[in-house]
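Q: here's my sequence, what's the structure:
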Amino acid sequence: MGLTGVMISPMLAAAGPMPAGPGWAFEFKYDGVRAIADVRDGRVEAYSRNLNLITGSYPELGELAGLLGDRSAVLDGEVVALETDRPSFARLQQRMHVPSPSPALVASVPVLFYVFDLLELDGEDLTSLPYATRRDRLARLDLASEYVRVPVRFLEVDGRTVLQAAELAGMEGVVAKRLAGPYRPGKRSADWTKVPLIKTQEVLVIGWKPGAGRRAGTIGSLLLAVHDEHDHLVFAGHVGTGFTDAALTHLQRELATMTRTTPPVGDVPREHARHAHWVEPALIGEVAFRNWTPDGRLRHPSWRGLRTDRAASSIRRAAEPIPPPSQGTVIGAMQTPDGRWRVEAVRRNRQDFYRLIHGDNIIDGLSIATVQRLLEEAGIHLGDLVEARAA
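A: Below is the predicted model:
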């Protein structure tokens, strides 16, 4: 809650290609849940992205009061659970749905709060100041403890190098932040450009189908929907992988209270509608996926977990980032057998170089030695690549 007594909605990043040139800082994108923390008078109140009070869910954030002493502040950051020192959204699921975790749960699944922005300090509204100024003032607060950290920011570097580092560190991607940009509460702005390493999509659960074999007696797959550009709810496919046993139990308990007799959308194909149990489109989840099919279905989705920090009306197909313009002529291409990694030989202005492509991420201007090193860091040998057709 800001100095005016009004809660501050978090600023949101827009998807896009990696910005180039001066005037940008780069931060790792952490795989967690957003939180705005209001610290004053020795107390901490934390709010989710949709401004629900989540203080009780994450008592670790109470450390902020001791770190700030008699100062007051409004902080923006990400709540993260680690597994072998890497953010794990699956592990965080064990805490996200627990309003008052037991000491045993807090001890077994601790969370950290990565603070990446300072919105107010001692009653002064900082949102109109440039990102660079806000980040400098945040650094001077020295917020570092067992459960609170300020993540590193990378200055005067190529964002593509930071993206490579993010992948090696097991991060979700990179957020590029314009040094001169103000904080825009509740707005999605290209002043913060997110470049993910994996594609994710928020979805509404509209039904489920019974499982078979090891999944007999429980959920086999979930039927999904999103809002289109006209705010109509449309079928988006189904997901049957990525579930833990605990997640299936929790989902079945939640869905049991939402049953209905008819599908919430009218375009469910017969093969998916057969034997389906329909539910009200109120439960929000997130899936990782490869891409969208021409008929608007998620290709190869995998369940990541429920999102309690979203509103059902906000769940719509995420906009595709605008790809950068093509540069150079591809004179040859190789790829891994599964197609996930692609290496192109490119000629531009009488110069030859290599381009490495992984998902939506493109790294240009590489030597073959650098390509080989990057592939080996990902566990891929250059000799395993097969000839690929030109894109």
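Q: drop to CA atoms for contacts and neighbour counts, all remaining ones
A: Fine.
Q: so who does the nearest residue to residue 342 once chain neighbours are set aside touch?
A: Of all residues not flanking residue 342 in the chain, residue 335 sits nearest, at 4.1 Å (C-alpha to C-alpha, 6 or more residues apart in numbering). Residue 335 makes contact with 341, 342, 343, 385, 386, 387, 388 under the criterion C-alpha atoms under 8 Å, 6 or more residues apart in numbering.
Q: and those, which two are furthest apart?
A: Across the contacts of residue 335, the longest distance by C-alpha to C-alpha is 12.0 Å; it joins 341 and 387.
Q: returning to that earlier point: neighbour count added to the contacts of residue 335, as a markdown table?
A: Formatted as a markdown table, the contacts of residue 335 follow (neighbours: other C-alpha atoms under 10 Å):
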| residue | neighbour count |
| --- | --- |
| 341 | 17 |
| 342 | 21 |
| 343 | 26 |
| 385 | 18 |
| 386 | 16 |
| 387 | 13 |
| 388 | 16 |
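Q: go through those residues and name the one nearest residue 163.
A: Nearest to residue 163 out of the contacts of residue 335 is residue 341 (C-alpha to C-alpha; 15.1 Å).
Q: so how far is residue 128 from that closest one?
A: 41 Å (C-alpha to C-alpha, to the nearest Å).
Q: domain map for this structure?
A: The chain breaks down by automatic domain parsing into domains covering 12-196, 199-314, 329-387.
Q: mean pLDDT for those - can I get that in CSV?
A: Putting the domains of the chain into CSV (pLDDT from 0 to 100) gives the following:
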stretch, mean pLDDT
domain 12-196, 93
domain 199-314, 91
domain 329-387, 80
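Q: wait, a helix at residue 184?
A: No - counting by DSSP: H, G, I helix; E, B strand; the rest coil, residue 184 is located in no helix; its state is coil.
Q: that older thread, got TSV for the contacts of residue 335, with secondary structure and distance to residue 40 too?
A: TSV is the format used below for the contacts of residue 335 (DSSP: H, G, I helix; E, B strand; the rest coil; distance: C-alpha to C-alpha, whole Å):
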residue	secondary structure	distance to residue 40
341	strand	49
342	strand	51
343	strand	53
385	coil	57
386	strand	59
387	strand	61
388	coil	59
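Q: which one of the residues you listed is nearest residue 227?
A: Proximity of these to residue 227, judged by C-alpha to C-alpha, is greatest for residue 341, which lies at 31.3 Å.
Q: run through the residues that contact the nearest residue to the closest one once chain neighbours are set aside.
A: When the adjacent residues along the chain are set aside, residue 341 lies closest to residue 358, with 4.9 Å between them (C-alpha to C-alpha, 6+ apart). Residues in contact with residue 358 (C-alpha under 8 Å, 6+ apart) are 340, 341, 342.
Q: return the set of residues that bridge with residue 358.
A: Using DSSP bridges, the bridge partners assigned to residue 358 are residue 341, residue 361.
Q: against residue 378, how distant is it?
A: Residue 358 is 11 Å from residue 378, by C-alpha to C-alpha.
Q: pick the most deeply packed of the domains of the chain.
A: Of all these, domain 12-196 has the most neighbours on average by mean count of other C-alpha atoms under 10 Å, namely a mean of 19.
Q: returning to what we had before: distance of the residue nearest to residue 341 relative to residue 175?
A: 17 Å.
Q: ok, now which ones touch the residue lying farthest from the centre of the chain?
A: Among residues of the chain, the one most distant from the C-alpha centroid is residue 350; the distance is 39.6 Å, by C-alpha atoms, centre = their mean. By C-alpha under 8 Å, 6+ apart, residue 350 lies in contact with nothing.
Q: which parts of the stretch 201-350 of the chain are strands?
A: Here the stretch 201-350 of the chain has its strands, by DSSP state E, counting those that start in this stretch, at 219-227, 233-239, 259-260, 277-289, 291-292, 298-299, 302-306, 329-335, 341-348.
Q: right, and those - which one's nearest residue 28?
A: Closest to residue 28 of the strands of the stretch 201-350 of the chain, according to C-alpha to C-alpha: strand 277-289, at 18.5 Å.
Q: rewinding a little: so the residue nearest to residue 342 bridges to which residues?
A: Residue 335 has the following beta-bridge partners by DSSP bridges: residue 342, residue 386.
Q: quick one: stretch 23-39 to chain centroid distance?
A: Computed by C-alpha atoms, centre = their mean, to the nearest Å, the chain-centroid distance of stretch 23-39 equals 11 Å.
Q: may I have it as PDB, with CA atoms only?
A: Extracted C-alpha coordinates of stretch 23-39, given in PDB (Å, rounded to 0.1, in the frame of the first residue of the first chain):
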ATOM      1  CA  GLY A  23      20.300   2.300 -22.200                       C
ATOM      2  CA  TRP A  24      19.300  -1.100 -20.900                       C
ATOM      3  CA  ALA A  25      19.900  -3.300 -17.800                       C
ATOM      4  CA  PHE A  26      19.300  -7.000 -17.700                       C
ATOM      5  CA  GLU A  27      18.000  -9.200 -14.900                       C
ATOM      6  CA  PHE A  28      17.300 -12.900 -14.600                       C
ATOM      7  CA  LYS A  29      13.600 -13.800 -14.800                       C
ATOM      8  CA  TYR A  30      12.800 -15.900 -11.700                       C
ATOM      9  CA  ASP A  31      10.300 -18.700 -11.900                       C
ATOM     10  CA  GLY A  32       8.000 -17.800  -9.000                       C
ATOM     11  CA  VAL A  33       5.100 -15.600  -8.000                       C
ATOM     12  CA  ARG A  34       5.100 -11.800  -7.900                       C
ATOM     13  CA  ALA A  35       4.700  -9.900  -4.600                       C
ATOM     14  CA  ILE A  36       4.400  -6.300  -3.600                       C
ATOM     15  CA  ALA A  37       5.700  -5.900   0.000                       C
ATOM     16  CA  ASP A  38       4.600  -2.900   2.100                       C
ATOM     17  CA  VAL A  39       7.000  -2.500   5.100                       C
END
